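J.: Please find the sequence and the predicted model below.
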Amino acid sequence: MAAFRFPWLWRLSPRWRARLLHWGFNVFPAFRGTGGRLISVSPDFLTITARLRYNWRTKNIMGSVYGGSLFAVTDGPHPIMLMAALGPESVVLDKAASIRYRKPAYEDLTVQFHFSPQEILEIEHRLKHENEFEYEVKADLTGKDGSVFATVERTLYVTTRQYMAEKRKARQVSQAQGQAQAQAQAQTQAQAQAQAISNAADPGRFEAQQTVGRPKETDDGEDLVKTVPP
């Protein structure tokens, strides 16, 4: 993620950016805690390969690879790869993810994350015509013979920094309007409660106020207005 927080990193060559990403993932504590390590990052950022070691740190109580490690080792590469391909003005986030465990693993596993050039062109085209959209990706964790032990499917949220800023600003305006309406409503309720308390404390005055201006018909058919002093 550092390459997207610090613009000067974009001035590095693709090969050096790939090396930096490789190193950054492997020293990042959250990723190291999964037991996974990146093996390779292609200079075009379209392919990343990671390995999940089978050792005492990644075993569960049954002796197979811990399911949390299988899931967590796939967290991160796809959004980073896509942002690198789309440029610094893009934003890609994980929105949803699911995993299917196919069989217990008792060996080191490998997982490859990949985008084809055609996929990148499709995503770029959609980003030019849509403010935001979702994109589905998949990664298989495989053993030495290529057998699949688990499959992780992720839903990526793709947008631009400008659109995210506009959404954030609109959300802030909406929240401010909602707070203003809530304050006005609370003030109205407080005034009504204060009036009710005042009327309860002096019921005679309240009754007098209700009769002020009420017409009264006399015997000769003329209307009189009963005036009550305040």
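T.: All right, it came through fine.

J.: hey, let's count contacts and neighbours off CA atoms from now on
T.: Will do.

J.: Name the residue closest to the centre of the chain, please.
T.: K95 (6.6 Å; C-alpha atoms, centre = their mean).

J.: Figure out the helix or strand that it lives in.
T.: Assigned by DSSP states H and E, K95 belongs to strand 90-101.

J.: Quick one: name whatever helix or strand follows that strand.
T.: strand 109-114.

J.: For that following strand, which strands pair with it and how are they oriented?
T.: Neighbouring strands of strand 109-114 in its sheet, by DSSP bridges, are strand 47-52 (antiparallel), strand 132-142 (antiparallel).

J.: Distance from the helix or strand hosting N199 to the middle of the chain?
T.: Assigned by DSSP H and E, N199 belongs to helix 161-201. Its chain's average C-alpha position is 26 Å from that of helix 161-201, according to C-alpha atoms, centre = their mean, to the nearest Å.

J.: if we can go back for a sec, single out the most deeply packed of the strands paired with strand 109-114.
T.: Ranked by mean neighbour count under mean count of other C-alpha atoms under 10 Å, these are led by strand 47-52, which reaches a mean of 20.

J.: Okay, now the unreliable bits of this protein?
T.: The model of the chain has pLDDT under 70 over residues 1-10, 201-230.

J.: Let's see that with 80 instead.
T.: 1-12, 172-173, 176-177, 180, 190-191, 194-230 (pLDDT under 80).

J.: re the thing from before, quick one, the helix holding N199 and strand 90-101 angle?
T.: Orientation note: helix 161-201 sits at an angle of 90 degrees relative to strand 90-101 (axes from the mean of the first three to the mean of the last three C-alpha atoms, to 10 degrees).
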